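Student: Let me see the structure of the following:
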Amino acid sequence: MIMMKNILFISAFCVFAAGICQAKEPGTKAIIKCSAVNRAIALQKDTIPPADVMQVITTAIYSTNDFNIEKVAELYTPNATITDDEPPYSWNGPTAGVQWVNAVEKVCKDNDLTKLKGSIGAINVFLQTADNVYIIVPVTYTGNLTGRSHFTAEGAFIFVLRMINGRWLIKNQAWIPKKGM
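Tutor: Below is the predicted model of the structure:
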């Protein structure tokens, strides 16, 4: 009787474990990492974002190359939030992108920083559902400072995008300088 209960328990557990460990999305692989201390289930994801997602992200990042607020005017959700290391450090609402580009431009003028240019590095973190995207985008900003030959700032933007009326819009954008990572 005890042996029969053990067999039923083990069978039920295997069915349960197999159900948990199945990949939930096409193109993903379920991985089980087991040790005496740590048992975790993780899904491998493709880290190549679709073109429409990257178009929104590159437009936002490259908008500071020429301080073009028209480029970002329609990229943010009505309740968007941007966080950056430029004063006043956060901007909210549908005009958050415009406010952020204007703040970056002011900092550049105040510090005699010219030829600011952002460049995007290789993306290693990208997660997507039907109507949400989470992505970490490595970025390097370069430019010229008066009295110095060159300016470089490295870090990453964390973006959360939402699908709204058939378009990807930025819900959250946060800058993390490399020294903060």
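Student: Look up how far Asn111 lies from the most centrally placed residue in the chain.
Tutor: Centrality entry for the chain: nearest residue to the mean C-alpha point is Ile135, 2.5 Å, by CA atoms, centre = their mean. For Ile135, the distance to Asn111 (CB to CB, to the nearest Å) stands at 29 Å. Using the backbone N, CA and C atoms, a C-beta is placed for each residue, glycine as well.
Student: With Pro138 instead?
Tutor: Pro138 sits 23 Å away from Asn111, going by CB to CB.
Student: Which one's more surrounded, those two?
Tutor: Pro138 (17 against 12; other CB atoms under 10 Å).
Student: Let me see the contact set for the closest residue to the more buried one other than its chain neighbours.
Tutor: Excluding the flanking residues, the one nearest Pro138 by CB to CB, 6 or more residues apart in numbering is Gly121, at 3.4 Å. Counting by CB atoms under 8 Å, 6 or more residues apart in numbering, Gly121 makes contact with Val137, Pro138, Val139, Thr140.
Student: OK, contacts around the third one?
Tutor: Taking CB under 8 Å, 6+ apart, we find Val139 in contact with Ile61, Gly118, Ser119, Ile120, Gly121, Glu154, Gly155, Ala156, Phe157.
Student: other SSEs contacting the longest strand along the chain?
Tutor: As assigned by DSSP state E, the longest strand anywhere in the chain is strand 148-164. Counting contacts by 3 or more CB pairs under 8 Å, 6 or more residues apart in numbering; DSSP states H and E, strand 148-164 is packed against helix 51-66, strand 132-145, strand 167-177.
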